[in-house]
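Chemist: need a structure here:
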Amino acid sequence: MNRLAKIQAISGLCFALFLVLHLATTVSGAGGPSTYDGTLASLRAIYRAHPVVEFLLIGVSAAVHIACGVLQIVRRRKTRPNPKPPLRLRIHRWSGYFLVLVIVGHVFATRVMTAGGADYSYLAFSILNWPVFINPYYFALGLAGSIHFGLGLGFAASTLAPRHFGSKAAIKASVAVAAMTGVLVVIGVTGIIAGAEKADSSRFGDYKALYDRYMPFMP
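Modeler: The predicted structure follows:
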């Protein structure tokens, strides 16, 4: 296995430490606003314990992972024709492509625009104002994250330790993790959307001002 694939696997596992917490927050949305905000605060205390930790765990690992992915795409195109990859690998790649397309906007909206203070009420504001766009987006984002996380664990493990994790059982396990995580996230996103009208609306005016300033193209 080439060195680039191993670096991609290691960076993916590092980012997965954050992603599993992020997905857990989404799943907690099934319990309503208070459960979501409580889970969010508790888990943020872990990955935001120190700016350096957040920068390395999220920023650097994501950047390295994406860069390796792009280089892998370039390498594959230079060595064509390539055999058609198995379905799970294609699904893993498609979910990754979607995440790359939306990650900058997602980080900007939830980390930069709100100075890192995005909570349930912030999600509710966007859901109530742009449901036709936001609701499908949240489902797509959650499912893409779940699929890339679950299948990615299997690919990373088989890349770094093929003798132990290259078996069909390990492959099936990663598919099962992806499916289970996806179901839980769908339940969580459904709960977030269903509870939007019950969210605290006291800061909706502040959120509107942020959108007017940074995203005036949103009608």
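Chemist: Every contact and neighbour count from this point should use C-alpha atoms.
Modeler: Will do.
Chemist: which residues of this protein score low on pLDDT?
Modeler: Flagging of the chain using pLDDT under 70 yields the residue ranges 1, 80-82.
Chemist: For it, which helix extends over the most residues?
Modeler: helix 131-160 (DSSP state H).
Chemist: which secondary structure elements does it contact?
Modeler: Applying 3 or more CA pairs under 8 Å, 6 or more residues apart in numbering; DSSP states H and E, one finds that helix 131-160 contacts helix 3-27, helix 87-107, helix 120-129, helix 162-165, helix 168-194.
Chemist: mind running it again at 6 Å?
Modeler: helix 87-107, helix 168-194 (3 or more CA pairs under 6 Å, 6 or more residues apart in numbering; DSSP states H and E).
Chemist: Export those as CSV, with columns for distance to residue 150 and mean neighbour count.
Modeler: Shown next, in CSV, are the helices and strands packed on helix 131-160 (distance: least, CA to CA, whole Å; neighbours: other CA atoms under 10 Å):
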stretch, distance to residue 150, mean neighbour count
helix 87-107, 9, 14
helix 168-194, 4, 19
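Chemist: Mind checking the ones you listed for the one nearest to residue 14?
Modeler: Of all the helices and strands packed on helix 131-160, helix 87-107 sits nearest to residue 14, with 15.7 Å by CA to CA.
Chemist: can you list the residues that contact the closest one?
Modeler: Contact with helix 87-107 is made by 144, 148, as judged by CA atoms under 6 Å, 6 or more residues apart in numbering.
Chemist: repeat that for 10 Å
Modeler: With contacts defined as CA atoms under 10 Å, 6 or more residues apart in numbering, helix 87-107 is touched by 62, 66, 69-70, 84-85, 109, 111-113, 116, 137, 140-152, 155, 171, 174-175, 178.
Chemist: What subset of the residues you listed is buried?
Modeler: 62, 66, 69, 109, 113, 140-152, 155, 171, 174-175, 178 (16 or more other CA atoms under 10 Å).
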